[in-house]
Structures are given as C-alpha cells and as structure tokens.
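Novice: Here is my input, please return the structure:
(chains A, B, C and D)
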There are 2 protein chains.
Amino acid sequence: MKIGELAKRTGFSAHTLRYYERIGLLAYADRDRSGQRDYDASVLTWIEFLGRLKATGMPIREMLRYAALRERGADTEAQRRELLAQHRDRVRARIAELSDCLLVLDNKIAGYAGTETRMKEYDTAPPERRQKPAGARRAYAC
Amino acid sequence: MKIGELAKRTGFSAHTLRYYERIGLLAYADRDRSGQRDYDASVLTWIEFLGRLKATGMPIREMLRYAALRERGADTEAQRRELLAQHRDRVRARIAELSDCLLVLDNKIAGYAGTETRMKEYDTAPPERRQKPAGARRAYAC
DNA sequence: CTAAGGGTTCGAGCGCGCTCTAAGTCAAGG
DNA sequence: CCTTGACTTAGAGCGCGCTCGAACCCTTAG
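Specialist: Got it, this is the predicted structure:
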C-alpha cells in the first residue's frame, strides 16, 4: 500500500503520515525500488489506535512514549498498561467535565428559550395569566 | 477588584485576562486614577461562563462572536441561543466520541491485564488447567 | 526614604500539531 | 516520447492560545 491509499484509509493526510514517521510515531516504512513507502496492512491497526489516542487528547509526546515501549517488546506491557490506564482516567475526567459543562449550557439555552416563551406568552396570553413561568428563574446574566 | 485578585478568583492568569481584554473577549475595564484596572464583581459571572465555553473547546473566534452579540443587547438573544445550541451539539458529539474511545481503551487495558493474568495462571496453575482464559480473546495488536 | 510588590503597555516568543513549498524522481497511459 | 500525477526530501510557515520580557509607574509598609 502506498502512502496515498493509507491516507485515504486512515483519514490522516500523507503529510501527516510522513510527519509521524519523521518523529518516530510510525516505524520507518519499507520503500520500494523507487524509494516510495510501501506499507503493510498491519500498520492500519496501529494507526487507527493512534487515532483513538489523538481523539482523546493524548499529546504526541506521550504517544511517543507508548510507541517506544511497544517497540521494546513484550516485557514493557505492564508499563504500557499503566500508561493507558492513566490516560483512560484522564479521559473519564474529561467526559465528566464536559458533561458538567453540558448542564450549564443546557441551562443557559433554556434561559434563552424561556425568554422567547415568556415574550410569546406575554404577547398572546390574556392579562390575568401574565405571570413568570417556571423557566424564568435563571440564566439572564449572559 | 484588581486584576491579581480577579486572576486568583477565576483561575485565569492576569496575563490572560489582559489578553482577553485586548482581543475584545472582556469589555474594556475601568481604571482607577493610577491607571490600574478596577473590576466590578459582575464580571466574574461572565468570565466563569467563558471558562465553560473554553473548557468545552469553543474557539476564541466563536466566543468573540458570542461576546459581540451580548454587547449588542437583548435583541440578539435568539442568535446567542442558536450559537450555544450548536455548540452544545458539538459538545454532546464530543462526549459521545470520547465515550466510544473509552471503550476501546478499556478493552486494550483489559487485554494487557489479561496477559498478566494469563502469565500468572500459566506459572501457577497445574498443567491440566493450562488453557486460554476468557480475557485472552483480544487486544494483542498494540 | 526606600524597597517591595503590585500594576501598566507593547510586542516578541513559544509549544503544539500539523501543513505546505520547492525541487526533484519515478511509473504508467496515450 | 511525453505528460500526468503520485511520490520523495528538507525545511519553512502557520494558526491557536497564550506567555513572557522589558521598561516603566504607583502605593504602601517599615
């Protein structure tokens, strides 16, 4: 497989794949007689996993540490497991943080929606029902 | 409140707060007779909300759009709500992505743990019980 | 009076992760 | 034979979000 196809398959650009090789995140790829990289399909698994690490915000520095352990073979498994476990904890924390922020956002949005609803109700409701609806209790500040 | 205290209270550095003012994310702050910024406590709410937007990965560009709408007053509420709703959807998608990756990580980690378990079992189990345990079915590739 | 410890401005610099340019090589199709 | 287009390299450049340095100004405590 040449770099263009690998790019297509992984979603990384050829530029990025070469960059990853340069910095050591991908092993030096075999070249054909004309010097072009010729990838083995097995690299797909690794690149896809790198994609996961990247998607979860692992810095390249740390991917490099993981890649280096991997290259050193089976007796680094405990260290790799440890590294991933730490990362997993960070991901969990991140999810929790985002979920927390999501509540704030929902609240704020509900506040805006509440304003519209109140305005509509104020316009359309008969005078005796013109009172603060339940949604009006928060989120005016911003 | 001077910038140092605001920094302490919000978790943003004084440098960052000045930077935010420079780019228009924070309104120009009143200065005292000696030219030092003197903040009103009300700015805290806004800065904390900015912190939420930042924590959820909103780019500064977009915070600026939101801030600009806010400055323009109450008749931009629908647009602000729309902007936040879009952002909220991205946050939800991001949480989903992270959760998905989390499963992959858990799996991989379980694979490493499985290796250790298997090695232990292989070392300690009597020969007739030396067979693949349940945890051995995946995640060797990396 | 002096020194410490805040604050001010402007602009340069940095760390990250790419992303692109330039100049060149090579293989296949018309 | 010639063009097209994908590939090669080394290295420069970029967008983001700060972060810091230099040189200076105020206020306050000892």
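Novice: for chain A, which spans come out with low pLDDT?
Specialist: A:115-142 (pLDDT under 70).
Novice: how about 90 then?
Specialist: A:112-142 (pLDDT under 90).
Novice: so A:E97 touches B:A55, yeah?
Specialist: Yes. Contact between A:E97 and B:A55 holds when scored by C-beta atoms under 8 Å: they sit 6.1 Å apart. Using the backbone N, CA and C atoms, a C-beta is placed for each residue, glycine as well.
Novice: quick one, what contacts A:V43?
Specialist: Residues near A:V43 by C-beta atoms under 8 Å, 6 or more residues apart in numbering or on different chains: A:L6, A:L26, A:A27, A:A29.
Novice: Just the buried ones among those residues, please.
Specialist: A:L6, A:L26, A:A29 (16 or more other C-beta atoms under 10 Å in any protein chain shown).
Novice: Could you chop chain A up by domain?
Specialist: A:1-72, A:75-142 (automatic domain parsing).
Novice: which stretch among these comes nearest DNA strand D?
Specialist: domain A:1-72 (2.4 Å; C-beta to the nearest atom of the strand).
Novice: hey, which helix is longest across chain A?
Specialist: Using DSSP state H, we find that the single longest helix of chain A is helix A:77-124.
Novice: And DNA strand C, is it touching that?
Specialist: No. Helix A:77-124 stays clear of DNA strand C (C-beta under 7 Å from any atom of the strand), getting no nearer than 12.6 Å.
Novice: next one: that helix to chain centre, how far?
Specialist: On the basis of C-alpha atoms, centre = their mean, to the nearest Å, helix A:77-124 sits 15 Å off its chain's mean C-alpha point.
Novice: what helices or strands is that helix leaning on?
Specialist: The elements that helix A:77-124 packs onto, with contact taken as 3 or more C-beta pairs under 8 Å, 6 or more residues apart in numbering or on different chains; DSSP states H and E, are helix A:60-72, helix B:43-55, helix B:77-124.
Novice: Next, see if the longest one gets close to DNA strand D.
Specialist: No. Judged by C-beta under 7 Å from any atom of the strand, helix B:77-124 and DNA strand D are separated, with a smallest distance of 12.6 Å.
Novice: and A:A41, which of the three is it?
Specialist: coil (DSSP: H, G, I helix; E, B strand; the rest coil).
Novice: if you skip the residues just before and after it, what's nearest to it?
Specialist: A:M1 (6.6 Å; C-beta to C-beta, 6 or more residues apart in numbering or on different chains).
Novice: OK, contacts around that neighbour?
Specialist: Here A:M1 is in contact with A:R9, A:D38, A:Y39, A:D40, A:A41 (C-beta under 8 Å, 6+ apart).
Novice: At the geometric centre of chain A, which residue sits there?
Specialist: Nearest to the mean C-alpha position of chain A, counting by C-alpha atoms, centre = their mean, stands A:A55 at 3.2 Å.
Novice: in stretch A:29-44, what counts as buried?
Specialist: Within stretch A:29-44, the residues that count as buried by 16+ other C-beta under 10 Å are A:A29, A:R37, A:Y39, A:V43.
Novice: roughly how far out does it sit from the chain middle?
Specialist: 28 Å.
Novice: Angles on the backbone of A:Y28, please.
Specialist: Dihedral pair for A:Y28: phi -60, psi 120, per degrees, to the nearest 10.
Novice: mind listing what it touches?
Specialist: Contacts of A:Y28 (C-beta under 8 Å, 6+ apart): A:E21.
Novice: The one 4 residues further on too?
Specialist: Applying C-beta under 8 Å, 6+ apart to A:D32 gives the contacts A:D38.
Novice: distance of it from B:G57?
Specialist: 41 Å (C-beta to C-beta, to the nearest Å).
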